[in-house]
Each structure stands twice: as structure tokens, then as C-alpha cells.
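[1] Below are the sequence and a predicted model; questions follow.
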Amino acid sequence: MKRDVNCTLKLKKGTQAKVVFEDVDTKTAIEYLSAVCENLSGSTDSAGTELKLERISQQISKTGNTIFNVSSIKIDMDEDVFVPISSVNEIRREGLIKLEEKIANEFKRDSKESKFGAEALGSCDSKIGEKSKIEGRKQGISLLLSRLDKNKDYALIKGIDDIYIPFRYFIDDEYEGTVTNICDNFRAYIYLPAITKSAYEKLIREHIGEVLRTKKIEGIVVSNMSIIELLRKMEDEKTIKSKDLKLVANYTMNVFNNNSVVELEKMGVERYTVSPELDKDSINSISGNSAKEAIIYGRALLMTSEYCIIGNPKNCSKACEKGKYILKDRMGFQFPIYTDSNSCTMFIYNSKITSIDCEDLDVDWVRIDILDESISEINDIIQKHKNYERMEGKDYTSGNINRIV
């Protein structure tokens, strides 16, 4: 999701062009000065000035691949002043670069004093002293329940340490009993989605405080940078209390190397899930003060789309919740489709299930991702991987573990 910024542009004869960009949420602002404005030869009527203003506004609004969206523009401009379009582009480009740098620096500075900042590492116990078999100790096991079933008794699951529950189930009254049962029997984490546009962030703002007050929650799994910042804001506003919460960075944070780990640790992350695209050697080479986690079982998520092929988003009947859906390719492989009706988002998963022998993985935690497996199947999967074995057969793949990125 892009950040909204306000822009004020001052173009006066014989002076440097001055732009001020202000971040709407944080009120962080920068000022940037550019080339000297030149006088036009002859006079310029008001209609001509309006055309120039429109063109300048259009150029300033072209934020492209930046993290910003210009939500408002104010231009104070002399009628007979001339500014080349190339200079307008420079003003926008350099100004937004400086604003992004300033926000990043303030974020790092503030995070040292935040419960979601570097000092949180001082009380970190998510690295529970459990290393891989390489060092003679077992790994912690986390379980992601991507889909909940009200008819299943998840308290019967055995042999896991932590359990991740998608946020949408915490705000669905139909799953109140199921979620409470899980939270009462396991160390539960709120699992937040990778895509959180303004409407979804509003849901988080409205409900996460109540969830933390009424449920036994160990921590939060964050899947993008904006969520970390949102949690920090809510903490500053005292709408949530994060003193005892642990922060886990999902694989969608693209942890590929030690530099990624260092930056996440500065933000208070105590555990991170490495990218499933990494091979074994690359996973083993990553190190840091926080705990390392690898996904060793589950269908890989291939695509996330706001275009729902199951129903009509303009008049949603929630047909996606009333059956099972797949995409079938020309080779006959079937790709399961699941949805999140809160955001009308569609998820397409791999036709094969990744299953990895984790004996030689130098990680602190292993993660098992569950979609629609039964309780007995879940327990079998857990036991299999605790024995450093993998699931075998035509429905399984070892993913990228033995490949080179």
C-alpha cells in the first residue's frame, strides 16, 4: 500500500523552485530546492497559466514505483514563470527520495524506544534454546492453520510449540469457539496477511486491540513492512499493549541474507521465516540474534489476486465459502483455490505439497503449513518431520531445498 503525501510547490521568478513533501500519516516533511525559475518572454494569459498548472500537477503526481501517492498538490506560481518539465520531474524524484530517507531514519531511531524496536530483542525468548539436530537438540515446531474448520477439535493436535491463526478468523463470530479453543490450548499467534490495503488496515485497527485483550495471544506474524509501522502507531496511540508480544516476520518479508535479518532485528523481530525460494546451503548460511524458521511442509502459495474467478466482487454471495474450487491445467494438475472474503482476495496454491527432510537444516524453528488436512493427518505430518523424514509420493515435492537460487 502506498503512503499518501501532500505536496506544496512554489515557483517564483528569479528564485529557486521549492517543493515541500509531507507524509500524511507521520507528518514527516522535507524541503527541496531546484533550478532557478526563468521569466517567459512576452505575457501569459490566465488560460495559459491554468494549462501549465495542470501539466505540472500531472508530472508531480507520477510517483511510479515509489512508496508514495501524492494525495494533494498546492502550487504557488507566477504567471510569467517558466519551468522545464525535466526540472519538475527532478523536483518530484529528488524530493520523494529525500522524504523516504527521512522516514526510514526516523523509523530506525524511534524503533529503539518501541516495543517493536531493537530493545525488544533483550527479552527475546522465542529462540528457546532449541537448535537443529546438527547441534544435538531438537527444533521448535510452529503450525500455520491457513483454513479453520469449525467441526475439527484442534486441541487434539500433538507435538507442536506455536500455532499461527489467520487474523480473519479472530473477527468472525462463527469461529469464536474454534479460535478460543486453540488459544486456550496452544501458544497462539495472530497471522496477518501479506496484502493489507487501507480497508484491511482499518479492520486491524478496529479489532486487533479487542483480540489482544480477550484472547491468550503470544505474538503476531507480520507479512509486510507497513504492518510493523501500523502496530507501532497503535502502540504509540495506546490502542494496543505490546510489552509481552513476540514479533515474527513471515517469509513474504523476503529474508534472503544476513542483511535482511539485521534490518528486521532493528524493528524488533524475534523470529523470521526464510524465503521458500532458498536452497539448503543458503538457509544454513543465514545467521543473527533472532530465531530462524523454515517452512518444511505445505502447499506453496503461487498467486494472490484481487480478481475472484469464483464469484462477482460487486455483488458477492460468498460462493467461495460454500464449496471447494480448483484450477486444472492441460497436464491434469489441480491447483487449489481459497479466498479471504474480508478482502475479496483469491489465493492459488501449488498442485504439489512441499515436504522437506529438515535433519540438515540449521534452523531454530520448522513450520508446517496446513490447509484442509484432517487432525490425524496433521499429527502424522508432525511426527514424520520430528523424525527428520519427509512425506513421499506423487503428491509431494522437495521444492527448492536442493536447488541453487
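    All right, it came through fine.

[2] Point out where the stretch 251-400 of the chain drops to low pLDDT.
    310-323, 342-343 (pLDDT under 70).

[3] Tell me which stretches of it form helices.
    Per DSSP state H, counting those that start in this stretch, the stretch 251-400 of the chain carries helices over the ranges 258-266, 280-285, 375-386.

[4] In TSV, list these along with mean neighbour count and distance to Leu53.
    In short, each C-beta sits where N, CA and C put it, glycine included. Rendered in TSV, the data for these read as follows (neighbours: other C-beta atoms under 10 Å; distance: least, C-beta to C-beta, whole Å):
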stretch	mean neighbour count	distance to Leu53
helix 258-266	16	41
helix 280-285	17	52
helix 375-386	16	62
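
[5] For stretch 361-375, what is the distance to the chain centroid?
    From the chain centre to the centre of stretch 361-375 is a distance of 20 Å (C-alpha atoms, centre = their mean, to the nearest Å).

[6] Now that stretch: buried residues?
    Within stretch 361-375, the residues that count as buried by 16 or more other C-beta atoms under 10 Å are Leu361, Asp362, Val363, Asp364, Trp365, Val366, Arg367, Ile368, Asp369, Ile370, Glu373, Ile375.

[7] Mind picking the two most distant members of these?
    Of all pairs drawn from the buried residues of stretch 361-375, the greatest distance, 30.8 Å, lies between Asp362 and Ile375 (C-beta to C-beta).

[8] Would you mind saying which of the helices of the stretch 251-400 of the chain lies nearest Cys183?
    For Cys183, the closest of the helices of the stretch 251-400 of the chain is helix 375-386, at 17.3 Å, according to C-beta to C-beta.

[9] Report pLDDT for Glu119.
    For Glu119, the model assigns a pLDDT of 45.

[10] Ok, the one 10 residues further on next?
    Per-residue confidence for Gly129 comes out at a pLDDT of 38.

[11] for the one 5 residues further on, same thing?
    Ile134 is assigned 47 on the pLDDT scale.

[12] Check Thr26 too.
    Looking at Thr26, its pLDDT is 84.

[13] what sits against it?
    Contact partners of Thr26, counting by C-beta atoms under 8 Å, 6 or more residues apart in numbering, are Ile103, Glu106.

[14] any idea how far Ile190 is from Leu247?
    11 Å (C-beta to C-beta, to the nearest Å).

[15] Have a look at these two and say which one is more surrounded.
    Legend: neighbour count by other C-beta atoms under 10 Å for Ile190 and Leu247, higher for Leu247 (27 against 24).
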